[in-house]
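Student: Okay, predicted coordinates and the sequence, questions at the end:
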Amino acid sequence: MRPGPRPSRQYFRESRLWCLLTAGMMAVLPLFTPAANASAPIELESRLVELYQRHADAVVRVKVALVEEQEGEDPQISLLVFSGFFISREGLVLTNSIPTDQLVGRIFIEKNGIQYLAEAIGSDPATNVALL
């Protein structure tokens, strides 16, 4: 099976992930300069609020049901709730890392009160990032 054509550079420029990462870096980088002063946290907060307001329609809630089985007991189900955001029009979501040492029952993405079943494509605990 041959892979499809590679996405154009325009696709990557228009990607919300690119926009969010670029804006996030621009918001955080001034904190690491020697000129950072006492107003830097307030400026960072303002930048993050503005970033969220511009891209609020991409933000979703991610729910992960974990099943913990112990010998001689009924399975225990716990629910983890994260935030995440759409990074593509195809529905890919970037969120926190999903624990892989436990049995993941189901993963849901919630947007506007509607829940959609999702599957984990990959998860990296070192960077605390997962792709759904």
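Tutor: Cool, the structure landed. On a predicted model such as this, the values are computed, not experimentally measured, just so you know. Numbering: from 1, shown residues only.
Student: and Arg61, what does it touch?
Tutor: Remark: with contacts taken as CB atoms under 8 Å, 6 or more residues apart in numbering, Arg61 is in contact with 81-84, 109-111. C-beta here means a position set from N, CA and C on the backbone, and glycine is covered the same way.
Student: Run through the bridge partners of it.
Tutor: Ser83, Glu110 (DSSP bridges).
Student: mind listing what's buried in the helix ranked longest in the chain?
Tutor: In the chain, assigned by DSSP state H, the helix with the most residues is helix 40-55. Buried residues in helix 40-55, defined by neighbour count with 16 or more other CB atoms under 10 Å: 47, 51.
Student: quick one, helices of this structure?
Tutor: Using DSSP H, helices in the chain cover 9-14, 16-28, 40-55.
Student: returning to that earlier point: top of the contacts of Arg61 by neighbour count?
Tutor: The most crowded member of the contacts of Arg61, judged by other CB atoms under 10 Å, is Gly84 (22 neighbours).
Student: can I assume that residue is in contact with Leu92?
Tutor: No - Gly84 is beyond contact range of Leu92, at 9.9 Å (criterion: CB atoms under 8 Å).
Student: Find the residues that touch each one of the two.
Tutor: Common contacts of Gly84 and Leu92 (CB under 8 Å, 6+ apart): Leu132.
Student: Before we move on, what's the pLDDT of the closest residue to Leu103 other than its chain neighbours?
Tutor: Distance criterion CB to CB, 6 or more residues apart in numbering; nearest residue to Leu103, sequence neighbours excluded, is Val67 at 4.6 Å. What the model reports as pLDDT for Val67 is 84.
Student: Tell me how many other residues surround Val67.
Tutor: Val67 sits with 13 neighbouring residues when counted by other CB under 10 Å.
Student: list the contacts for it?
Tutor: 75-77, 102-105.
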